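*Asks:* structure for the following, please:
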Amino acid sequence: MTIQLYAFDTPNGRKISVALEEMGLPYETHIVDIGKGEQFQPAFLKISPNNKIPAIVDTAGPTGAPVSVFESGAILLYLAEKTGRFLPPDAVARVAVYEWLMFQMGGFGPIPGQVHHFAALEDVADRRYGLQRFMAETRRLYGVMERRLAEHEFFAGALSIADLAILGWVWRHARHQVDLADFPHVQRWYQALMARPGVQRGFAVPLRRG
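*Replies:* Predicted structure coming up:
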């Protein structure tokens, strides 16, 4: 059984390479270069109909037949359920994992992603407006995380897929123009996760060509 990972060197792609390493699952990587539009190729669209990375194909799905999964949050849930790792068995304990996973999927991803977009614009006026709007919201989201981590070692009790999801985006804090020293509890959490061997292996997986 080998999972086929289709990804690129982005926060969402790194969520899954890190998760696969932390869960000890065998996998093979297939680079989908979104800068060259490879996400629109028909073969990839059969796996990821929203033409977004990452996506996986599990050659040994729940029934023994291959199954494909797209959307990084869905992939994390699928892998956690497959391995029984990073998702607590207790239904009540799972609630916090679901909450913080959705926090990342719905906010702490789309919003800093807009910072990435506007920071790259050449037009000064367009860049100024976008950065003013989305950097303020990005810092608010960091503040939400700071308050949570002031009282918890991880976002949902024990280390979970919610942490792996959020880590992929905090990894780009410099690109968000955020100094983690301004959010010391987030910084403590980030440094602790980045020191894990599985996380380090996940970030070292080549997800670009050349």
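
*Asks:* and residue 82, how many neighbours does it have?
*Replies:* 18 (other CB atoms under 10 Å). Glycine gets a C-beta too; all of them are placed from N, C-alpha and C.

*Asks:* now swap in residue 198 and tell me
*Replies:* 16.

*Asks:* over to residue 206?
*Replies:* Neighbours of residue 206 (other CB under 10 Å): 10.

*Asks:* can you check residue 202 too?
*Replies:* Neighbours around residue 202, by other CB under 10 Å: 22.

*Asks:* now for the residue nearest to it when sequence neighbours are not counted: which residues touch it?
*Replies:* Nearest residue to residue 202 in three dimensions, chain neighbours excluded: residue 18, at 3.1 Å (CB to CB, 6 or more residues apart in numbering). Shown in contact with residue 18 (CB atoms under 8 Å, 6 or more residues apart in numbering): 164, 167, 168, 198, 199, 202, 203.

*Asks:* could I get the residues you listed as TSV with distance to residue 56, secondary structure and pLDDT?
*Replies:* Listed next are the contacts of residue 18 as TSV, based on distance: CB to CB, whole Å; DSSP: H, G, I helix; E, B strand; the rest coil; pLDDT from 0 to 100:
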residue	distance to residue 56	secondary structure	pLDDT
164	14	helix	98
167	18	helix	98
168	15	helix	97
198	17	helix	98
199	19	helix	98
202	14	helix	98
203	18	helix	98
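
*Asks:* now the two most distant members of the residues you listed.
*Replies:* Maximum pairwise distance in the contacts of residue 18, criterion CB to CB, is 13.9 Å, between 168 and 198.

*Asks:* about what we covered before: of the contacts of residue 18, grab the buried ones for PyMOL.
*Replies:* Applied in PyMOL, the following selects the buried portion of the contacts of residue 18 according to 16 or more other CB atoms under 10 Å:
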select buried, resi 164+167+168+198+199+202+203
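
*Asks:* looking at the contacts of residue 18, spot the one nearest residue 48.
*Replies:* So of the contacts of residue 18, ranked by how close each gets to residue 48 (CB to CB), first place is residue 168, at 17.2 Å.

*Asks:* okay, the residue nearest to residue 202 and residue 89: tell me how far apart.
*Replies:* Residue 18 sits at a distance of 22 Å from residue 89 (criterion: CB to CB, to the nearest Å).

*Asks:* what's the domain layout of this protein?
*Replies:* Domain assignment for the chain by automatic domain parsing gives 3-86+199-204, 91-197.

*Asks:* need those domains in JSON lines with distance to residue 210, can you?
*Replies:* As requested, those are exported to JSON lines (distance: least, CB to CB, whole Å):
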{"stretch": "domain 3-86+199-204", "distance to residue 210": "10"}
{"stretch": "domain 91-197", "distance to residue 210": "21"}
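
*Asks:* for whichever helix in the chain runs longest, buried residues please.
*Replies:* For the chain, the longest helix by residue count, based on DSSP state H, is helix 124-149. Using 16+ other CB under 10 Å as the test for burial, helix 124-149 gives 130-131, 134-135, 137-139, 141-142, 145-146, 148-149.
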